[in-house]
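**Student:** give me a model of this one.
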Amino acid sequence: MDAYLLAQLLNGLIFGLLYALIALGLTVVFGLMRVVNFAHGELLMLGGYGLYFLTVPLGWPPLLSLPLCMLAVCLVGGLVERLLLRPVYAARLERPEEYAIIVTFGLSLLLQNGALWAIGPYELTPASFWAGSHHVVGDLYLAGDRLFAAGAAALLLAATLLFVYKTWTGQALLATAQSRVGAAVVGIPVGRMSLYAMGPGRRPGGSGRGAAGAHFPGLSRRGHGAGGEGLRDHRAGRHGLGARQHRGRPAAGAGGEPWVGVPVGVVPRRVRLRGAHGGAAAAALRALRAAGAAGMSWGRGWLLGLGVLLAAAVPLAVQTYWLRVCATALYFIVLASSWNLLLGYAGQLSFAHAAFAGVGAYTAGLLYKYTGLTPVLGVLLGGVAAAGLGYGLGRMCLRLRGPYLALMTLGFSEILRLVAQVEYKITRGSLGLQVPYLFGGTGGSHVAGYYTLLGLTLATLGGLAWLVHSRAGLYLQAIREDEDAAAVMGVDVVRWKVTAFVVSSLLAGLAGGTYAHLFVRVVSPQMLLLSEMGLILAMAIVGGLGTLGGPVLGAVVLVFVQEQLRDLSPQAHLLLFALLVIVVMRFFRQGLYGLLLALGARCRQKPLLRCEARA
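**Tutor:** So this is what the prediction gives:
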């Protein structure tokens, strides 16, 4: 056999063993917790950095540093499961898998950009395990470190497989991966198994070869602890369209916006009318409620009108630089609001939204370059192309649920990015495709471009408001709450999920083409990066999912925060946004908009309490 071919086969075997070990850890987490751990690679990065700093600056022996790094990464994984993932499952949300994916995605951005900010994009080489060892076998040249890595990976793979199939804890892990509910019923501590999957853990006990149920007879109270699904799905009312009420959470209000705090017109239980003037006080309270409800409606109308007037007056009050910043905020308002239609209202987690914006921009630019089509028609056709791809992708993968949909949309997004980057003769690759001004000519007015984006933004928000308040919006919210119950009640689940995907993709394509032709003027694969999707995700989540105003508020706040942090570090804004996503998902899932609603509800509650005191 040719020596070169043999060397390549040997290198493939070595790297295959390493990647098999990495993939095994990811498989354990996904198989047990149904969580696609986006931070798995970043945990690998932490182990590599730890080995470098222990062996090079500190001078510790590599054979001592490696077990310490493994233990440290295991502890980090255990903390992630205990502090970030387990509370998501314990909260009994309608879609815990999607929320857990968002948490790990935010953690991935946090660790990645934190390393870039603290260390930089530099390659660091730890000390050699087998110093100065290069072996020549015939015509083969073998590096000692690679042989050591292959041997260590093979031993760890064998030890992991023996642990899974020959120990009590391994059998419990397999049983939990097959059915969390069944494992909880037979007494397996499901929460502890999740901790073992993400971090260190020991469980004394004998080995077993049969079914897991043979090792765990009887029913244990531990089986219904935090992290386990237990008999959650069998509670009364679980399969009704109003499943949210049965989960102990307030029902959605108009437009699917969750009630936070005490709504106007709902008197707390502690408010009781007493005394001889109870009738008069009750009449006063009814009048107060009516006035409060009318005031809330008028107040929102005034706020909406004031916001539109302020947005329209921006070109008169700011310089060109800040006008571009405001236009960027409008662009992200459209993207975040349309993505919120998918996750916030329909409950479908997609990572392809930034890719659809890139499809709209590339379609318009390529049509102009190769056919001479006017940019306005190109942008419209770009939106249609994005909607068509969204329809095709929706028909293929929206029958899937949970993490599988997220994985397929992520793969689709990466395929589009790689095509845009590799096909240099068509798309100009990383250099970018130059596009003309939207209304013709080599240059144009930023003011006209801003008002064009403002019109698109207002049309998007108006259309989404009409959609979520219509019967279609009720169908989407029913699907978000419980797909099975919605299907039983006659909702065509696949049709409405595909409809939401098409509408969301159309709006993203229109926004991408319009923004590229007005302000960017160069379409590059950077529009399709996962970090761009991270910005959209952060704006919708920090603002407030499932609300119309949340993505607007989140996009405006985060775009201006990004500008303030630009001089500090290129990674500073992503670092902060990832941290905000984790904090919001962990402690206050209603976001900034929900916080404002809660404060407003508390302020409106005070007159009711004062009226009770007078009664």
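
**Student:** can you map out the strands along this protein?
**Tutor:** Shown for the chain, the strands assigned by DSSP state E span residues 134-137, 140-143, 433-434, 522-523.

**Student:** the ones you listed: lowest mean pLDDT?
**Tutor:** Here the lowest mean pLDDT among those goes to strand 134-137, at a mean of 62.

**Student:** centroid residue for this structure?
**Tutor:** I102 (3.3 Å; C-alpha atoms, centre = their mean).

**Student:** if I pick it, what's in contact with it?
**Tutor:** 349, 537, 541, 581, 585 (C-beta atoms under 8 Å, 6 or more residues apart in numbering). In short, each C-beta sits where N, CA and C put it, glycine included.

**Student:** any chance of those in JSON lines, plus distance to T460?
**Tutor:** Shown next, in JSON lines, are the contacts of I102 (distance: C-beta to C-beta, whole Å):
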{"residue": "L349", "distance to T460": "21"}
{"residue": "L537", "distance to T460": "18"}
{"residue": "I541", "distance to T460": "19"}
{"residue": "V581", "distance to T460": "23"}
{"residue": "M585", "distance to T460": "25"}
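
**Student:** just the buried residues of those.
**Tutor:** 349, 537, 541, 581, 585 (16 or more other C-beta atoms under 10 Å).

**Student:** any chance of the residues you listed in TSV, with pLDDT and distance to L380 too?
**Tutor:** Formatted as TSV, the buried ones among the contacts of I102 follow (pLDDT from 0 to 100; distance: C-beta to C-beta, whole Å):
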residue	pLDDT	distance to L380
L349	89	28
L537	94	27
I541	93	30
V581	91	33
M585	86	36
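
**Student:** just the residues you listed now: which is nearest G372?
**Tutor:** L537 (37.0 Å; C-beta to C-beta).

**Student:** pull the contacting residues for that closest one.
**Tutor:** 102, 105, 339, 581.

**Student:** same check on I536?
**Tutor:** 332, 335-336, 339, 353-354.

**Student:** can you do 6 Å?
**Tutor:** For I536, the contact set (C-beta atoms under 6 Å, 6 or more residues apart in numbering) comprises 335-336, 339, 353.

**Student:** distance of it relative to G25?
**Tutor:** 29 Å (C-beta to C-beta, to the nearest Å).

**Student:** with V581 instead?
**Tutor:** On the measure of C-beta to C-beta, V581 and G25 end up 24 Å apart.

**Student:** now the phi/psi pair for G432, please.
**Tutor:** phi 90, psi 150 (degrees, to the nearest 10).

**Student:** mind listing the helices for the stretch 301-450 of the chain?
**Tutor:** Here the stretch 301-450 of the chain has its helices, by DSSP state H, counting those that start in this stretch, at 320-340, 353-371, 375-397, 403-422, 424-427, 446-469.

**Student:** could I get the ones you listed in a markdown table, plus columns for mean pLDDT and distance to L43?
**Tutor:** Shown next, in a markdown table, are the helices of the stretch 301-450 of the chain (pLDDT from 0 to 100; distance: least, C-beta to C-beta, whole Å):
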| stretch | mean pLDDT | distance to L43 |
| --- | --- | --- |
| helix 320-340 | 94 | 27 |
| helix 353-371 | 94 | 25 |
| helix 375-397 | 92 | 27 |
| helix 403-422 | 90 | 18 |
| helix 424-427 | 89 | 34 |
| helix 446-469 | 93 | 38 |
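
**Student:** what's the most buried one of the ones you listed?
**Tutor:** helix 353-371 (a mean of 26; mean count of other C-beta atoms under 10 Å).

**Student:** from the chain's centroid, how far away is it?
**Tutor:** 25 Å (C-alpha atoms, centre = their mean, to the nearest Å).

**Student:** relative to helix 320-340, how tilted is that helix?
**Tutor:** Counting by axes from the mean of the first three to the mean of the last three C-alpha atoms, to 10 degrees, helix 353-371 lies at 110 degrees to helix 320-340.

**Student:** quick one, helix 353-371 and helix 403-422 angle?
**Tutor:** Using the same axes, to 10 degrees: helix 353-371 against helix 403-422 is 30 degrees.

**Student:** helices and strands around helix 353-371, which ones?
**Tutor:** Helix 353-371 sits against helix 375-397, helix 493-515, strand 522-523, helix 530-543, with contacts defined as 3 or more C-beta pairs under 6 Å, 6 or more residues apart in numbering; DSSP states H and E.

**Student:** sheet-wise, list the partners of the third one with their directions.
**Tutor:** The pairing partners recorded for strand 522-523 under DSSP bridges are strand 433-434 (antiparallel).

**Student:** contacts for the partner strand?
**Tutor:** Under the criterion C-beta under 6 Å, 6+ apart, residues 365, 427, 522-523 lie in contact with strand 433-434.

**Student:** identify the farthest-apart pair in these.
**Tutor:** T427 and V522 (11.4 Å).

**Student:** if we can go back for a sec, same list (the contacts of L537) but as CSV, adding distance to A511.
**Tutor:** Converted to CSV, these look like this (distance: C-beta to C-beta, whole Å):
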residue, distance to A511
I102, 22
F105, 22
W339, 11
V581, 21
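
**Student:** which of those residues sits closest to W496?
**Tutor:** The closest of the contacts of L537, once distances to W496 are taken by C-beta to C-beta, is W339, at 16.9 Å.

**Student:** for the chain, name the helix or strand with the lowest mean pLDDT.
**Tutor:** The weakest-scoring helix or strand in the chain, judged by mean pLDDT, DSSP states H and E, is helix 243-246 (a mean of 38).

**Student:** quick check: G591 touching G544?
**Tutor:** Yes: at 3.1 Å, G591 counts as touching G544 under the criterion of C-beta atoms under 6 Å.

**Student:** can you pull the residues that touch both of these two?
**Tutor:** In contact with both G591 and G544: G550, using C-beta under 6 Å, 6+ apart.

**Student:** ok, which of the helices and strands packed on helix 353-371 comes nearest N113?
**Tutor:** Short answer: helix 530-543, nearest of those by C-beta to C-beta, at 8.4 Å.

**Student:** and the closest one, what's buried?
**Tutor:** 530, 532-543.

**Student:** with stretch 491-500 instead?
**Tutor:** Buried-residue list, stretch 491-500, by 16+ other C-beta under 10 Å: 491, 493, 496-500.
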